[in-house]
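> Predicted coordinates and the sequence they were generated for:
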Amino acid sequence: MAGRLIPLIFCVAAIIVGGAGGARSADPPRVTSIRIGTQEGITRLVLNLSGPIKYRAFELGPPYRVVVDMPKVDWIIARKMSFGASSPLSSLRFGASGPKVYRLLLEARRPMRVQKSFFLSPNERTRSWRIVIDLEPVSEDAFERIMRRRRAVSAPQKPKPHKAPPDKKSSAKDSRPLVFIDPGHGGADPGAISKFGLKEKNIVLRFARRLRTEILTDGRYRVAFSRTSDVYVPLRRRYAMARKQGAKLFISIHADSNPAVKTRGLTAYTRSNVATDKGSAALARRENRSDAVAGIDLSGHPSGVTNILRDLVRRDTQRKSRIFARYVVREMKGVTRLAPRPVRSAQFAVLRAPDLPSVLLELGFLTNRRDSRRMVNDRHMRRVARAVAAAINRYFGHRPAASAGRK
């Protein structure tokens, strides 16, 4: 694309960090600025960096997104931006997508493809290395063809079965029930954010660690996590991990938000095709959008799992989920504030395992000052974790620890 770019959205000036000596060689490269412009229908993205990196740019959708994956970098500009209605792009966000992968996610208003991308070294005009990506609008049919080709190329080959020799030491399986804890959001998806900058993804991970400690106290259970660091795990993979490991109970941890800042209290949700109220339905829509926010390919996957097991099994799973949700609420009385009608249901994607009792626990509302203060209070959250652990004991038929939540 020859000629000067006509500014379309914004231009962030280069940010200088450190002294004249520059960054140490051991430091990761810095992303110092980002520019987006348009000319003759082509939108160009330019990332300025302090050093060279390897990257991968590709499309996802629907919903329509452009993703740039890269190794660890120091992203010293805004990690989240929104664009005007005249832009073909609606927003930008950046975050960890895995232990060694960082992701720039551009949400598009219409189908777009990566026309070309290339890497430029410093020259006499600029000292920066640059990633340049040109985006071209395409029709929905053309976009679907692009996605079909990618799925065909990336389809995994089935490996030949390999029987490993039995491990004598591990031949005796641990029969203790496995409780699977799913800290919501993570990586490029921060979840709800409070007025004071508290991020849901961080709060729920801290609580999940406290909960694990409480569950493991008496040695009755095993515990596994969907994530143990600031990375994003696709929704379908979360419950698939739990099922693969033989979990007997799935607990997804979240923190809610509401434009009405006085709304507060803990809520326990189970899955149902019919939501108990409009607020629960809206919450499920927000939570189910996490995959799109984090740049996960949502195409080519079935919309439901209704054929995995018979309706009888699914109904029994929903019944067990409601029982556990009621135990949680019962143990929380006198420990923390409960929302009105604290046991609710909606069509949460992360709770869709047909044979695994599952509950989504909203610890409170980050948009409420008192709730947000409690969620960063270690003593209070320890009491909440003890109450959940007592509910787990009730669910599995054990005698709950005395005054679990009231110490």
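Looks like it came in fine.
> isn't residue 365 right next to residue 264, touching?
Yes: using CB atoms under 8 Å, residue 365 makes contact with residue 264 at a distance of 5.1 Å. All C-beta atoms are positioned from the backbone trio N, CA, C, and that covers glycine.
> where do the contact lists of those two overlap?
Common contact partners of residue 365 and residue 264 (CB atoms under 8 Å, 6 or more residues apart in numbering): residue 371.
> Can you list the residue ranges for strands in the stretch 1-150 of the chain?
All strands of the stretch 1-150 of the chain, identified by DSSP state E, counting those that start in this stretch, fall at 6-11, 30-39, 42-49, 56-60, 65-70, 74-75, 80-82, 89-96, 102-108, 112-120, 129-137.
> Need the winner for burial among those strands.
strand 102-108 (a mean of 23; mean count of other CB atoms under 10 Å).
> need the helices for this structure, in chain order.
Using DSSP state H, the helices found in the chain span residues 140-154, 200-215, 235-244, 278-288, 290-293, 311-332, 369-375, 378-395.
> Now the third one: buried residues?
Right, the one you point to is helix 235-244. Of all the residues in helix 235-244, those buried under the rule 16 or more other CB atoms under 10 Å are 235-236, 238-239, 241-242.
> The last one now?
Applying a neighbour-count criterion of 16+ other CB under 10 Å, the buried positions in helix 378-395 are 381-395.
> Output the below-cut-off pLDDT ranges for the stretch 151-300 of the chain.
For the stretch 151-300 of the chain, the stretches flagged by pLDDT under 70 are 153-172, 273-277, 279-300.
> May I have the phi/psi pair for the residue lying farthest from the centre of the chain?
Farthest-out residue of the chain from its mean C-alpha position, per CA atoms, centre = their mean: residue 124, at 42.0 Å. When read as degrees, to the nearest 10, the backbone of residue 124 gives phi -70, psi -20.
> okay, now residue 121: neighbour count?
Neighbour count of residue 121, defined by other CB atoms under 10 Å: 9.
> measure the residue farthest from the centre of the chain to residue 32 for me?
Taking CB to CB, to the nearest Å as the measure, residue 124 and residue 32 are separated by 18 Å.
> Not counting sequence-adjacent ones, nearest residue to residue 369?
Spatial nearest neighbour of residue 369, chain neighbours left out: residue 261 (7.4 Å); criterion: CB to CB, 6 or more residues apart in numbering.
> likewise residue 253?
Excluding its sequence neighbours, the residue lying closest to residue 253 (CB to CB, 6+ apart) is residue 204, at 4.3 Å.
> quick revisit: would JSON lines of the helices of the chain with distance to residue 42 be doable?
Formatted as JSON lines, the helices of the chain follow (distance: least, CB to CB, whole Å):
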{"stretch": "helix 140-154", "distance to residue 42": "15"}
{"stretch": "helix 200-215", "distance to residue 42": "35"}
{"stretch": "helix 235-244", "distance to residue 42": "34"}
{"stretch": "helix 278-288", "distance to residue 42": "33"}
{"stretch": "helix 290-293", "distance to residue 42": "25"}
{"stretch": "helix 311-332", "distance to residue 42": "49"}
{"stretch": "helix 369-375", "distance to residue 42": "44"}
{"stretch": "helix 378-395", "distance to residue 42": "50"}
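> who touches residue 364 in this structure?
Taking CB under 8 Å, 6+ apart as the criterion, residue 364 is in contact with 255-256, 264-266, 336-337, 371-372, 374-375.
> Relative to residue 184, which of the strands of the stretch 1-150 of the chain is closest?
Across the strands of the stretch 1-150 of the chain, residue 184 has its closest neighbour in strand 89-96 (14.2 Å, CB to CB).
> Quick check: neighbours of that closest one in the sheet, parallel or antiparallel?
If you go by DSSP bridges, strand 89-96 pairs up with strand 80-82 (antiparallel), strand 102-108 (antiparallel).
> Lowest average pLDDT across those?
In terms of mean pLDDT, the lowest-scoring of the strands paired with strand 89-96 is strand 80-82 (a mean of 84).
> who touches that strand?
By CB under 8 Å, 6+ apart, the list of residues contacting strand 80-82 from outside reads 10, 90-94, 190.
> and which of the residues you listed is nearest to residue 53?
Ranked by distance to residue 53 (CB to CB), the contacts of strand 80-82 are led by residue 94 at 13.8 Å.
> Relative to residue 108, how far out is the nearest residue to the closest one once chain neighbours are set aside?
Leaving aside its chain neighbours, residue 94 sits nearest to residue 79 (4.6 Å; criterion: CB to CB, 6+ apart). Remark: distance between residue 79 and residue 108 (CB to CB) = 19 Å.
> got the contact list for the nearest residue to residue 216 once chain neighbours are set aside?
Distances taken as CB to CB, 6+ apart place residue 223 nearest to residue 216, at 6.0 Å, with adjacent residues excluded. Taking CB under 8 Å, 6+ apart, we find residue 223 in contact with 178-181, 212, 215-216.
> So what does the residue positioned nearest the centre of the chain look like in phi/psi?
By CA atoms, centre = their mean, the chain has its centre lying nearest to residue 185, at 2.8 Å. Phi and psi for residue 185, reported as degrees, to the nearest 10, are phi 60, psi -150.
> Return the residues in contact with it.
With CB under 8 Å, 6+ apart, residue 185 has these contacts: 191, 200-201, 204, 232, 254, 290.
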